[in-house]
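Asks: attaching a predicted model along with its sequence, questions to come.
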Amino acid sequence: MKVVIVGGVAGGATAAARIRRLDEQAEILVFERSGYISYANCGLPYYIGGTITDPEHLTLQTPENFWSRFRTTMKVHHEVTAIHPDQKTVTVRNLDTGEVFEESYDKLVLSPGAKPAQPRLPGTGIDKLFTLRTVEDTFCIKEYINRNHPRSAVLAGGGFIGLELAENLKELGMEVTIVQRPRQLMNPFDSDMASFIHSQMRRHGIRLALGYTVEGFVEKNGGVDVLLKDEAPLHADMVILAIGVTPDTTLAAEAGLTLGIKGSIVVNDRMETSAPDIYAAGDAVQVKHAVTGADALISLAGPANKQGRIIADNICGGDSRYLGSQGSSVIKLFDMTAAATGINETNARKAGLDADSVVLSPMSHAGYYPSGKVMTMKVVFEKETYRLLGAQIVGYEGVDKRIDVLATAIHAGLKATQLKDLDLAYAPPYSSAKDPVNMAGFMIDNVAKGVLKQWYLDDVDNLPRNGSVTLLDARTAYEYRQGHIEGFRNLPVDELRERLSEIEKGKPVYVICQSGLRSYIACRILAGNGYEAYNFSGGFRFYDAVRNDRCLIEQEFACGMDQLGGLPIRVLR
């Protein structure tokens, strides 16, 4: 059996190694148009920033290593230019010599990946404008920085690559501005949870231009003007496009394979394309979202590796199935961590799901053990069924641990109420006896049983201030003086039982505290005394962070972008 693989990196290289482990006799040939057969995409920004200092550490495997261990022929700088499914051949060009030849196959694996989205904008060809996808791109950016010592950079795009690059360029001492057409960074997060990400980036000196549309680029004054719609341009020494990726599927299209979203390759759960004996994996394929069942594009390394393994199993006579992508992800933001899995509340509702959520602010470990830090968790579930849909966490220590537990729970089909039953490891340096994941389960179980009734951020402006409802802040008088929502009166929870006579019966009571715990206790006191009480989801800490961020974005957008010292900066007037 002869297997030809187009593209290395995650899916292709994984398939090659797995095929050899399953079939010692197979002939395996991999064509990769770049100079690197298997490299760590996710590590590329950290080489630019200097965290990874040795470029060889970016390379997971070399052609020589692959041959030595797996007897697999790896041909770098070889581009497959055509697929001929009827003849079961591919046309290949040697990019070093220009030689063109035909290669036959019994099984063909497509792992072309994705390419940076290139908008059709004026000026995208100037030499101070970069994209980051391959090792060669990384070396190009690094060489430019080392040679020219730029003082400022504009990043177009606020996803994973944009934020990781922003951090690394800032660590090099550069002034960094992120321009993003949506008014939030990181689309896997709901806008309320993204507020914490915005705050973190601003805190470390990253300037955010949210809600602005890039219309082109002009080389000017030794740098680049980034042209914005209805706004003065931003000037920087260099620009990096990080506005996302699109499936690199020209080959598949020309070969007549069935295509899906954004030209992605349609595959079944065995990773088979519409053509016999042709498989596909990685960022180029359309998958099913594991939560919604809808068609999706999810460009992450974990799914690509799994898909490569499944292809190898099936080529070698097995029957492995891909169950869909859940979108579990995590990102480092200076000293903060943000992670998500499943779908967020916004996308759940767009998908037609009747979604609800709980927001909590637990400590990363036992409160009495030193150095614990608060994390903000949002767990999304379906009303009535309590199916677990997704989760988002922003914090410091222990974020990755909790998101992985929640991702596992979603995969296992646990109901959100069952999170309370998970038996999770505990020691004071690592967690609390009631782990944050358990706490989310307790809260959702209380919702299911009617013990907890919630009100939400979007309700704040719609609550009547005419006396028809009671608005209650259950924090201390000192906390209340530091900031509160207009119209809420202060009645500390520890005084509530003695002062119930001050609260009129027959009116709904909307309660808030700092994190949601004391207000929940206040709601239980009120319910036990015949009141209808609702607890604010997330607490004043959550409200304050989100509303401040939204107000700042609105003010900044209204005031526009100004230039200060030749560097892009926002000025509030």
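Replies: Yep, it's here. Residues are numbered from 1 along each chain as shown.
Asks: can you give me the buried ones in stretch 522-533?
Replies: Buried residues in stretch 522-533, counted by 16 or more other CB atoms under 10 Å: 522-523, 525-527, 531-533. Heads up, the C-betas are built off the backbone N, CA and C, glycines and all.
Asks: ditto for stretch 402-412
Replies: Buried-residue list, stretch 402-412, by 16+ other CB under 10 Å: 402-403, 405-407, 409-411.
Asks: ok, stretch 180-188 next?
Replies: 180, 183-188.
Asks: then stretch 15-22?
Replies: 15-20.
Asks: so how far is that stretch off the chain centroid?
Replies: For stretch 15-22, the separation from the chain centroid amounts to 30 Å (computed by CA atoms, centre = their mean, to the nearest Å).
Asks: neighbouring contacts of it?
Replies: Stretch 15-22 has contacts (CB atoms under 8 Å, 6 or more residues apart in numbering) with 3, 5, 8, 26, 28, 30, 66, 70-72, 74, 109, 111, 279, 281, 308-309, 311-313, 315-316, 318.
Asks: buried ones among the residues you listed?
Replies: 3, 5, 8, 26, 28, 30, 66, 70, 72, 74, 109, 111, 279, 281, 308-309, 311-313, 315-316.
Asks: please, where are all the strands along the stretch 401-550 of the chain?
Replies: 454-455, 470-473, 489-490, 509-512, 533-536 (DSSP state E, counting those that start in this stretch).
Asks: what pairs with the third one, and is each one parallel or antiparallel?
Replies: Yep, that's strand 489-490 we're talking about. In the sheet, strand 489-490 lines up against strand 470-473 (parallel) (DSSP bridges).
Asks: now do the partner strand, average pLDDT.
Replies: The pLDDT scores in strand 470-473 average 98.
Asks: in the stretch 101-250 of the chain, which ranges drop under the pLDDT threshold?
Replies: Counting by pLDDT under 70, not a single residue of the stretch 101-250 of the chain qualifies.
Asks: sort out for me which of the buried residues of stretch 15-22 are in helices.
Replies: 15-20 (DSSP state H).
Asks: secondary structure class for Val379?
Replies: The three-state label given to Val379 by DSSP: H, G, I helix; E, B strand; the rest coil is strand.
Asks: hmm, back to that, distance to Val285 and secondary structure added to the buried residues of stretch 180-188, as CSV?
Replies: Shown next, in CSV, are the buried residues of stretch 180-188 (distance: CB to CB, whole Å; DSSP: H, G, I helix; E, B strand; the rest coil):
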residue, distance to Val285, secondary structure
Gln180, 27, strand
Arg183, 31, coil
Gln184, 28, coil
Leu185, 26, coil
Met186, 23, coil
Asn187, 20, coil
Pro188, 19, coil
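Asks: tell me the one among those nearest to Gly327.
Replies: Pro188 (6.5 Å; CB to CB).
Asks: that closest one contacts Glu345, correct?
Replies: No. In this structure, Pro188 is not within contact of Glu345 by CB atoms under 8 Å, at 11.6 Å.
Asks: ok, the nearest residue to His77 once chain neighbours are set aside - contacts?
Replies: Closest residue in space to His77, ignoring its immediate chain neighbours: Leu95 at 4.3 Å, by CB to CB, 6 or more residues apart in numbering. Leu95 makes contacts with 33, 77-79, as judged by CB under 8 Å, 6+ apart.
Asks: a markdown table for the buried residues of stretch 402-412, including distance to Val285 and pLDDT?
Replies: Converted to a markdown table, the buried residues of stretch 402-412 look like this (distance: CB to CB, whole Å; pLDDT from 0 to 100):
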| residue | distance to Val285 | pLDDT |
| --- | --- | --- |
| Arg402 | 30 | 98 |
| Ile403 | 24 | 98 |
| Val405 | 28 | 98 |
| Leu406 | 25 | 98 |
| Ala407 | 21 | 98 |
| Ala409 | 26 | 98 |
| Ile410 | 21 | 98 |
| His411 | 20 | 97 |
